[in-house]
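**Q** quick one: sequence plus predicted model below, questions after.
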Amino acid sequence: MRIVNLDLDEDFLKRFFDLTGDKVPETITIVSLKKQVLNIRERFRTILADSSGGSSQDNEEQEEQPLSMSRGNNVLLVDNLGVVTYQVQMIMSKLGFQITTTKDVYGALSLFEDKDFDFVIMDLLIPTEREGFILLGELQRIAKRKGTKLVIGVMSVAGKKELKNEALEKGADFYLEKSHNWQQKLTEIVKDYITE
């Protein structure tokens, strides 16, 4: 097997392998990355199946009925890691939401100015917590000006308790660490907001 020298960002690799539960290997091949993506996808399908009470095969064969919602269904998703974006989109679509995605602070603010969103799910490290906290504050300021009732969920691979506390103090409605089983936790949190 030919080993390819992939010039990938170290932070990206750390975040990617955090999702898989593995450490970043010293040598990375295209095949090993593909294998990790397949592992994540399979784990994600299992989590989705568990959250709806059926097997992943059952879920693919039958049409999913979204939950009835008492609030609006437009979600702005802000995350620069494609594998996370894919998983959150699948979760929120399954729950009946319409998702708009962006990878950065400027894109998020532009979209939020132009369209009414009911939920924002944002990564705190985009690319650092400083920008994440700026985005959190700006979203609240714009929502207040527009008179929009907004739920903001902050997600992060950073397990620092002080970041969680600061996000909640600065107006996040929930904070979710992207660690083991975060997809199931996100599903449960959002279901609670839907039915309140």
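**A** Okay, I see it.
**Q** show me where the chain has helices.
**A** Assigned by DSSP state H, the chain shows helices spanning 10-20, 30-52, 56-61, 82-94, 105-114, 129-146, 161-169, 182-195.
**Q** comparing those by mean pLDDT, which bottoms out?
**A** Of all these, the minimum mean pLDDT falls on helix 56-61 (a mean of 44).
**Q** specify the beta-bridge partners of residue 76.
**A** residue 100, residue 120 (DSSP bridges).
**Q** tell me how many other residues surround it.
**A** Residues within reach of residue 76, counting by other CB atoms under 10 Å, total 23. Quick note: C-beta positions are derived from backbone N, CA and C, even for glycine.
**Q** in this structure it contacts residue 97, no?
**A** No: applying CB atoms under 8 Å as the test, residue 76 and residue 97 come out as separate, 10.4 Å apart.
**Q** need the residues touching each of those two.
**A** residue 119 (CB atoms under 8 Å, 6 or more residues apart in numbering).
**Q** distance of residue 164 relative to residue 124?
**A** Taking CB to CB, to the nearest Å as the measure, residue 164 falls 9 Å from residue 124.
**Q** more crowded one of the two?
**A** Higher neighbour count among residue 164 and residue 124: residue 124, with 27 against 19, using other CB under 10 Å.
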